[in-house]
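> The amino acid sequence is not available; the structure is as follows:
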């Protein structure tokens, strides 16, 4: 029976290059095909924030200006036309996911929900055939567990302190809000904390205590503000008075739950000025980074009538189909006549946008011909170039970029195939955005491909677009006013005394020491002191200018998270005994883990042949 295509997935990725410049990629995923299509790659665009601010508050003019900037390059326009054409030709909707660089706050301050279609000039987000959401990367590795539709549970909390006027905030009618929520979520198992009695105050402690029971949806009604640049929500204290709660405290509390909600809705029921609800969108990314897969937040101040009309539609559609982005599209369409239709912002890490599933992913399901047909999720080998495929190294990359931002050179030390080459590749790919430097600043040299000392300097100068004959002081003079981050892989090659004299390391140190033009990232299996003991009692010239960072094998916890994340949606699950064996056999080495898990997956596949 042929597969019915219902949704094409288009992801637009924007990476910060510096100032107003961004690198854009556009990738299309056709559900009927096993392969994704790279429509656009590494197109440089300019987003002029001054022009956008000047265009506000004219929604149409702002959206058109944003569209002109995003689709200024003909390749971007062609990619968009191709994606829309595929979806319309297949009678499908288009899921548009904007993956925005987390290192640039200005990129997230743009009102992307007002983006205009480059062909028609109409708002994209009010077209129910286009499902718009934002994607924000998270280091959270725990698997996302989804219940079946029949067992979904929801928790709602309405914070209506008795002294909101002290903060110049409008009163919240808890009975009215509770009634709307109970009707809208009538098909789910629902608990409401509405502060109507001392035992049911809308406190942070009450939210956390209730949430420990495991809810799929948490719906919060509360005023909020940005205080000193940080989001604060106004909950209640034990006496029913206002209790300002920092957004970090809410995010930390939810991140500690054994079972986190799939969706958190941050609803501001009344207008309270620009700052009042701006905190809600600022809290959205914090919750996503804390491990919540999807968050619906509000841009700026949203009117009571917009919330009252949109939220029932949104919640009803979620129960009907389970698709968050489709539910929001319907909710926006219901208030096209209001100026607030664009204010709800959806952050989502859910690839399919769904919060429930009829069949748990851990159950093996044979296909129509008796075969598990999905691609082996452990098939990738060698150096990982795709950032999304790199697992369990976010904290390590964060530390690396922190040291590089201080001008420090780095020595990455770890056993073979532990992922050092993949880290060097990510430094090259992510470095321009993380360190706000041009892409050509980052150089990768694999020493396995270098013959000798002369070949090394020729290769280095070639990558820096310089005369390959430059050496010593001539090279230093040529580098004045320039800056490069040089990633050296397999540096053990330099221990070959017949090909390398050691002078090359002396020159590298001179070019990388104390504010010099080079910063080095050197990957090796052993420490630099051990690799280059130039003479007894003497420290290697490279070792004492490099901050040593150990690249360790995966912990058992990380291994489990890796296996669960890769198996999600594959139709295959590993038993506890098999997982324990993989942990033991791999010793935490990512490459060995990938190989043994690939073999085990194939054994599962063979059981259905």
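Nice, thanks for sending it over. Predicted model, so just to flag it, every value in this text is computed and none were measured. Numbering: from 1, shown residues only.

> Please enumerate the helices of the stretch 201-350 of the chain.
In the stretch 201-350 of the chain, the helices defined using DSSP state H, counting those that start in this stretch lie at 204-211, 247-255, 274-289, 304-321, 324-333.

> For the last one, give the mean pLDDT please.
In this case it means helix 324-333. Mean per-residue pLDDT for helix 324-333: 89.

> and stretch 505-516, how far from the chain's centre?
Relative to its chain's centre, stretch 505-516 lies at 35 Å (C-alpha atoms, centre = their mean, to the nearest Å).

> For it, which outside residues touch it?
For stretch 505-516, contacts defined as C-beta atoms under 8 Å, 6 or more residues apart in numbering pick out 407, 409, 471-472, 475-476, 479, 486, 494, 517-520, 532, 540-542, 545. (C-beta placed from N, C-alpha, C; glycine too.)

> Pick out the shakiest of the helices of the stretch 201-350 of the chain, pLDDT-wise.
Taking the mean pLDDT of these, helix 274-289 comes last: a mean of 63.

> Could you list the low-pLDDT ranges of the protein?
Applying pLDDT under 70 to the chain picks out residues 1-6, 31-36, 137-143, 145, 268-281, 358-374, 380-381, 534-540, 605-609.

> Could I get the full set of helices for the stretch 451-600 of the chain?
Using DSSP H, counting those that start in this stretch, the helices of the stretch 451-600 of the chain run over residues 453-463, 472-478, 503-512, 528-531, 556-567, 576-586, 590-606.

> how far does the shortest one sit from the chain's center?
Right, the one you point to is helix 528-531. 37 Å.

> And the third one, by the same measure?
Between the centre of helix 503-512 and the centre of its host chain there is 38 Å, according to C-alpha atoms, centre = their mean.

> how many other residues sit next to residue 182?
By other C-beta atoms under 10 Å, 12 other residues sit near residue 182.

> Who are the contact partners of residue 528?
411, 522, 540, 542, 543, 546, 548 are the contacts of residue 528 under C-beta under 8 Å, 6+ apart.

> In this structure residue 558 contacts residue 392, no?
Yes. The pair residue 558 and residue 392 qualifies as a contact (C-beta atoms under 8 Å) at a distance of 4.6 Å.

> follow-up on the earlier one: of the contacts of stretch 505-516, grab the buried ones for PyMOL.
Applying 16 or more other C-beta atoms under 10 Å to the contacts of stretch 505-516, the buried members can be selected in PyMOL as follows:
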select buried, resi 409+471+475+476+479+486+494+517+518+519+520+532+540+541+542+545
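
> For the helices of the stretch 201-350 of the chain, give me a markdown table that also has mean neighbour count.
Putting these into a markdown table (neighbours: other C-beta atoms under 10 Å) gives the following:
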| stretch | mean neighbour count |
| --- | --- |
| helix 204-211 | 17 |
| helix 247-255 | 18 |
| helix 274-289 | 23 |
| helix 304-321 | 20 |
| helix 324-333 | 23 |
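
> Take the ones you listed and write them to a markdown table, including distance to residue 382.
What follows is these, written out as a markdown table (distance: least, C-beta to C-beta, whole Å):
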| stretch | distance to residue 382 |
| --- | --- |
| helix 204-211 | 42 |
| helix 247-255 | 33 |
| helix 274-289 | 29 |
| helix 304-321 | 40 |
| helix 324-333 | 35 |
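
> Figure out which of those helices is closest to residue 451.
helix 274-289 (45.6 Å; C-beta to C-beta).

> mind listing which of the contacts of stretch 505-516 are in strands?
If you go by DSSP state E, these have 409, 486, 518, 519, 520 in strands.

> And the furthest pair within those?
Taking C-beta to C-beta, no two of these sit farther apart than 409 and 486, at 8.9 Å.

> who touches both of the two?
Shared contacts of residue 409 and residue 486 (C-beta under 8 Å, 6+ apart): 512, 518, 519, 520, 521.

> Got a quick PyMOL command for the buried subset of the contacts of residue 528?
This is how PyMOL selects the buried members of the contacts of residue 528, with burial counted by 16+ other C-beta under 10 Å:
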select buried, resi 411+522+540+542+543+546
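
> Nearest to residue 455 among the contacts of residue 528?
For the contacts of residue 528, the nearest to residue 455 is residue 522 (17.8 Å; C-beta to C-beta).

> how close does that closest one sit to residue 423?
With distances taken as C-beta to C-beta, to the nearest Å, residue 522 is found 12 Å from residue 423.

> Identify the contacts common to these two.
Joint contacts of residue 522 and residue 423 (C-beta under 8 Å, 6+ apart) are residue 412.

> Buried residues, stretch 166-181. List them.
Under the neighbour-count criterion of 16+ other C-beta under 10 Å, stretch 166-181 has 169, 172, 174, 177, 178, 180, 181 buried.

> will you turn the residues you listed into JSON lines that also has distance to residue 191 and secondary structure?
Below are the buried residues of stretch 166-181 laid out as JSON lines (distance: C-beta to C-beta, whole Å; DSSP: H, G, I helix; E, B strand; the rest coil):
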{"residue": "169", "distance to residue 191": "26", "secondary structure": "coil"}
{"residue": "172", "distance to residue 191": "19", "secondary structure": "coil"}
{"residue": "174", "distance to residue 191": "15", "secondary structure": "helix"}
{"residue": "177", "distance to residue 191": "15", "secondary structure": "helix"}
{"residue": "178", "distance to residue 191": "11", "secondary structure": "helix"}
{"residue": "180", "distance to residue 191": "16", "secondary structure": "helix"}
{"residue": "181", "distance to residue 191": "11", "secondary structure": "helix"}
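
> mind putting those in TSV, distance to residue 248 included?
Formatted as TSV, these follow (distance: C-beta to C-beta, whole Å):
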residue	distance to residue 248
169	21
172	23
174	26
177	25
178	28
180	29
181	26
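
> And these, which is closest to residue 149?
Among those, and counting by C-beta to C-beta, the member closest to residue 149 is residue 181, at 19.0 Å.

> which residues pair with the closest residue to that closest one other than its chain neighbours across the strands?
Taking C-beta to C-beta, 6 or more residues apart in numbering, and ignoring the residues beside it in sequence, residue 181 has residue 156 as its nearest neighbour in space, at 4.7 Å. Taking DSSP bridges as the rule, residue 156 bridges to residue 192, residue 219.
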